[in-house]
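**Student:** What follows is a predicted protein model with its sequence.
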Amino acid sequence: VSRHFLDLDGASTIPTQHLLLTRRAVRDICDAAAMGAVHGDAGLGKTFAVEEAVGAMAAPVAWTSFPGRPTMRLVATTLVTLLTGAPAPERSRFQLTGMLVEELSYRRRLVVVDEAQRLNRECIEYLRHLHDHPRTTFALLLVGGDGCWQVLSREPMLRSRIYRRVVFRPLTTRQVLEGIRAFHPIYADAPEQVILFVDDYFGHGNLRNWASFTRSAAQLCREHRRANVDEEIARNVFALHGGGIDAS
Amino acid sequence: MPAEPAVHLVEDPEDSRDLVELVGALTNRLAGRAALHPTPGSPSSLQLASDLLVSLGKRFDALAFERVRTRAWELVDIWMAAERVRHLFVLRGHLLAAGRWRELLELARRGGIEAWFVFPGRLPAGVESLLATMSCRRWDPSSFAAHWGDAARDGEAEDEEAEFPEVPAEEFYTFRAACRRRLSPANFERVDRTFCESVRRTLAAIEPWKPKLRRPTPPPLELGDVGAQLQNLLVDSSGSAEALVRLRGAQVAYFREGWLVGFQPPLVPSDSGLVPLGPRLDPATASRLRRLCVPRSTAAIALFLVADLRSVGLTRLDVGDVDDEGRSVCVGAHRFAVPDYARSLVMAQFVERRRSGAAASEPLFVHPGTGQRPPPSALRNVLRGVATKMAISVGVHDSFGTQSDASVWLRSQGITVATLDWVPVLYQ
């Protein structure tokens, strides 16, 4: 189940263009057992969007991420453990690969690799091998933050295989104004200037920043019995966060 | 005219998915084309052999599972020959070391196989010098696609054949009418095509058995002849529904000439249930058997499933009883057909025996220890072992009988033959 950053109480999902595109992309790559990529800077809602999209799917989903500079063996053991639900046996990487091909051949499923920018050429080659293998029938979604696309697009073998790609960018001022009122009740009747003020000094079109701000603002609104966020609440939240996201 | 080069180099700088998909579409066992997907990360010689066996439909751990690691390359050669592979596509050739290229080139040379190496650019050290000594043809992705486009499209068209429709369980005299009434026009058209073809094939087969002069009562039939004819007719049905349609067509043909072929599916004595009308070696079962790589195992159980050959019958078989392409096997006076999709399962044993120098009159199966014709109990154990490994039931026909001919097959299917005391005028 997808959840908001900081488990924000009372928050709703904003149907941003990125969220809708991710939903469509996930559905498409699953239908075609293809590869897809969702990437963008931190805090823009990639993980939330992917969680939300896969939550509606009937096919089983295996979600994993690897530490920096993983080896092919680590990828193999992690995937075997993830897919079988049991610790990977002490076998050679080649045998584990055979097991994986076998496991991935029985039913259509989605494998999500988060933090895909950490993958190196060998691991990308390895995932490509699993995906290209004629017996396997899984969709592969690579989700990554800073530098993800640079890593993936460096490899022609991946570039030509990405069937759907969603690039997350910060929300524009217009998108913030359109969407944020639906995000949380404290913005329902908030003045437009206040919303723009918060976005200029704290949100910057980044949903994680907005979630941080909203959690603190909702608490202050409750304590001071105010239904909507106003400039005074906003300035107090900036202070609680050390002067706002731009304080340093 | 110079011979076509046996080594092809396909350079794909974009390393594209399209080319991989094209090779995937080209991969067709029955057309003699296989694709090797080498496991990344400098595979060893043994791993390469294992990948090659996987490309021929074997289990990824078949060599370990069947304890035949030391025979890895020998088995690759045998199965390449049994599957009659003529084109081997090697994807991502740049990931293979020169030593592995040498092994693949040797394999291609030994088997008369055209090897197609697909790679995105620079080849590993040593490979260029290896290739410099031989005649190679270079392709770019578009010329490669143009060369193979038709074959790939043919493969796609073959895959489009829908599943055979379910048919009503009516007796042969009302079967066609019941199908017409209950099936959709498209399904009936397909069923009826199969039915009429079966009538035609059966009439052609029984033509020599008819008496020269028409008599009020036809002569009794030799059960073995009927068994062999029906086995040939039913063996490559896609499933029990198609087998039933073919049998109904055959029943009509026999009836027309004065013989009544009955079908009463036998009950399995121990457990509940019916023994379904063949084929017991359907494509799915054949694919499952193909995952094994020891020829003796695949051949023994394939012959058991195709022809109901029990261990005694298997023991008696000679190399010469299998035809040169593995399409049929001669048992006594009768020839049993092996469906195309299962041909290689039998052929592998034939190839192995031929490679060991066995003559046509020597046994098809030999005891691994003595090299002599094995006792029936040894083959019975082989059958049971394979059945356990592959979860394929050998049922109650597990080889305690001594008779092995076409009439046994007839009885096991629940088919009876009687002579009518009159020739039906309806069909005169």
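**Tutor:** Received it, and whenever you're ready, just let me know what you need. Residues are numbered from 1 along each chain as shown, chains lettered A, B, ... in the order given.

**Student:** can you tell me if the helix or strand containing A:Leu140 touches chain B.
**Tutor:** Here A:Leu140 is covered by strand A:138-144, with elements defined by DSSP states H and E. No: Strand A:138-144 is not in contact with chain B by Cβ under 8 Å from any Cβ of the partner chain; minimum separation 12.1 Å. The way it works is simple: take the backbone N, C-alpha and C, and place the C-beta from them, glycine included.

**Student:** which stretches of chain B have low pLDDT?
**Tutor:** For chain B, the stretches with pLDDT under 70 are B:1-5, B:155-162, B:212-217, B:265-279, B:393-405, B:422-428.

**Student:** Point me to the residue of it nearest chain A.
**Tutor:** B:Phe60 (2.6 Å; Cβ to the nearest Cβ).

**Student:** ok, A:Met72 to A:Arg93 distance?
**Tutor:** Per Cβ to Cβ, to the nearest Å, A:Met72 is found 6 Å from A:Arg93.

**Student:** Overlap of the contact sets of those two?
**Tutor:** Taking Cβ atoms under 8 Å, 6 or more residues apart in numbering or on different chains as the contact rule, A:Met72 and A:Arg93 both touch B:Gly41.

**Student:** residues contacting the residue of chain B closest to chain A?
**Tutor:** B:Phe60 touches A:95, A:97-99, A:101-102, B:50, B:54, counting by Cβ under 8 Å, 6+ apart.

**Student:** Just the ones in helices from these, please.
**Tutor:** The helices, defined by DSSP state H, take in A:95, A:97-99, A:101-102, B:50, B:54 from those.

**Student:** and the helix or strand of chain A with the lowest mean pLDDT, what does it pack onto?
**Tutor:** Least confident helix or strand, chain A: helix A:156-159 with a mean of 77, by mean pLDDT, DSSP states H and E. Using 3 or more Cβ pairs under 8 Å, 6 or more residues apart in numbering or on different chains; DSSP states H and E, the elements in contact with helix A:156-159 are helix A:121-132, helix A:148-153.

**Student:** In stretch B:88-99, which residues are buried?
**Tutor:** By neighbour count on 16 or more other Cβ atoms under 10 Å in any protein chain shown, the buried set for stretch B:88-99 is B:88-93, B:95-99.

**Student:** Can you lay out the residues you listed as TSV showing distance to A:Arg118 and secondary structure?
**Tutor:** Formatted as TSV, those follow (distance: Cβ to Cβ, whole Å; DSSP: H, G, I helix; E, B strand; the rest coil):
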residue	distance to A:Arg118	secondary structure
B:Leu88	36	strand
B:Phe89	33	strand
B:Val90	31	strand
B:Leu91	26	coil
B:Arg92	23	coil
B:Gly93	28	helix
B:Leu95	22	helix
B:Leu96	27	coil
B:Ala97	28	coil
B:Ala98	32	helix
B:Gly99	32	helix
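
**Student:** Keep only these that also lie close to chain A.
**Tutor:** B:91-92, B:95.

**Student:** hmm, back to that, what's the most buried one of the helices and strands packed on helix A:156-159?
**Tutor:** Most buried of those, by mean neighbour count (mean count of other Cβ atoms under 10 Å in any protein chain shown): helix A:121-132, with a mean of 20.

**Student:** who touches stretch A:151-169?
**Tutor:** The contact list for stretch A:151-169, computed with Cβ under 8 Å, 6+ apart, reads A:18, A:21-22, A:24-25, A:28-29, A:32, A:34-41, A:44-46, A:49, A:116-117, A:119, A:121, A:124-125, A:128, A:131, A:142, A:144, A:149, A:205, B:13-18, B:120.

**Student:** That stretch: how far from the chain's middle?
**Tutor:** Put simply, stretch A:151-169 sits 16 Å off its chain's centre (Cα atoms, centre = their mean, to the nearest Å).

**Student:** And the strands in the chain?
**Tutor:** You didn't say which chain, so I picked chain A. Per DSSP state E, chain A carries strands over the ranges A:35-40, A:61-65, A:109-114, A:138-144, A:162-168.

**Student:** nope, chain B
**Tutor:** B:7-11, B:33-36, B:87-90, B:114-119, B:136-139, B:259-263, B:328-331, B:334-337, B:415-419.

**Student:** Any residue of the second one touching chain A?
**Tutor:** Yes: contact of strand B:33-36 with chain A is found when judged by Cβ under 8 Å from any Cβ, involving B:Ala35.

**Student:** Can you list the helices and strands that that strand packs against?
**Tutor:** helix B:17-26, helix B:45-55, strand B:87-90.

**Student:** do the same with the fourth one
**Tutor:** The elements that strand B:114-119 packs onto, with contact taken as 3+ Cβ pairs under 8 Å, 6+ apart, are strand B:7-11, strand B:87-90, helix B:98-111.

**Student:** and those, which is most packed in?
**Tutor:** Ranked by mean neighbours (mean count of other Cβ under 10 Å), the helices and strands packed on strand B:114-119 are led by strand B:87-90, with a mean of 25.

**Student:** residue contacts, residue 79?
**Tutor:** Here I'm looking at chain A. By Cβ under 8 Å, 6+ apart, the contact list for A:Leu79 reads A:62, A:64, A:100, A:111, A:130.

**Student:** was after chain B, sorry
**Tutor:** B:Trp79 touches B:53, B:56, B:58, B:293, B:344, B:348, counting by Cβ under 8 Å, 6+ apart.

**Student:** Output these as TSV; include the columns distance to chain A.
**Tutor:** Putting those into TSV (distance: Cβ to the nearest Cβ, whole Å) gives the following:
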residue	distance to chain A
B:Leu53	11
B:Leu56	12
B:Lys58	10
B:Cys293	13
B:Ser344	18
B:Ala348	21
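
**Student:** Let me know the closest of those to B:Arg310.
**Tutor:** Among these, B:Ala348 lies closest to B:Arg310 (Cβ to Cβ), at 20.8 Å.

**Student:** ok, that closest one - how many residues close by?
**Tutor:** If you count neighbours by other Cβ atoms under 10 Å in any protein chain shown, B:Ala348 ends up with 28.

**Student:** Repeat that for B:Gly414.
**Tutor:** So B:Gly414, with other Cβ under 10 Å, has 16 neighbours.

**Student:** Show me what from chain A comes close to chain B.
**Tutor:** For chain A, the residues in contact with chain B (Cβ under 8 Å from any Cβ) are A:72, A:93-95, A:97-99, A:101-102, A:122, A:125-126, A:129, A:132-134, A:155-157, A:160-161.

**Student:** Buried ones only from those residues, please, as a ChimeraX command.
**Tutor:** One line in ChimeraX is enough to select the buried ones among these; burial here means 16+ other Cβ under 10 Å:
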select /A:72,93,94,95,97,98,99,101,125,126,129,132,133,134,155,157,160,161
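
**Student:** For chain B, give me its nearest residue in chain A.
**Tutor:** A:Gly98 (2.6 Å).

**Student:** show me what contacts A:Ile195?
**Tutor:** A:176-177, A:180-181, A:187.

**Student:** Would you mind listing which of these are buried?
**Tutor:** Of the contacts of A:Ile195, these count as buried by 16+ other Cβ under 10 Å: A:176, A:180-181, A:187.

**Student:** In helices only, show me these.
**Tutor:** Using DSSP H, those in helices are A:176, A:180-181.

**Student:** of the contacts of A:Leu79, closest to B:Ala387?
**Tutor:** Relative to B:Ala387, the closest of the contacts of A:Leu79 is A:Leu100; by Cβ to Cβ it sits at 27.7 Å.

**Student:** where's the closest one relative to A:Arg135, distance?
**Tutor:** For A:Leu100 relative to A:Arg135 (Cβ to Cβ), the value is 10 Å.

**Student:** Looking only at neighbour counts, state which of the two leads.
**Tutor:** Between A:Leu100 and A:Arg135, counting by other Cβ under 10 Å, A:Leu100 is the more crowded of the two (25 against 14).
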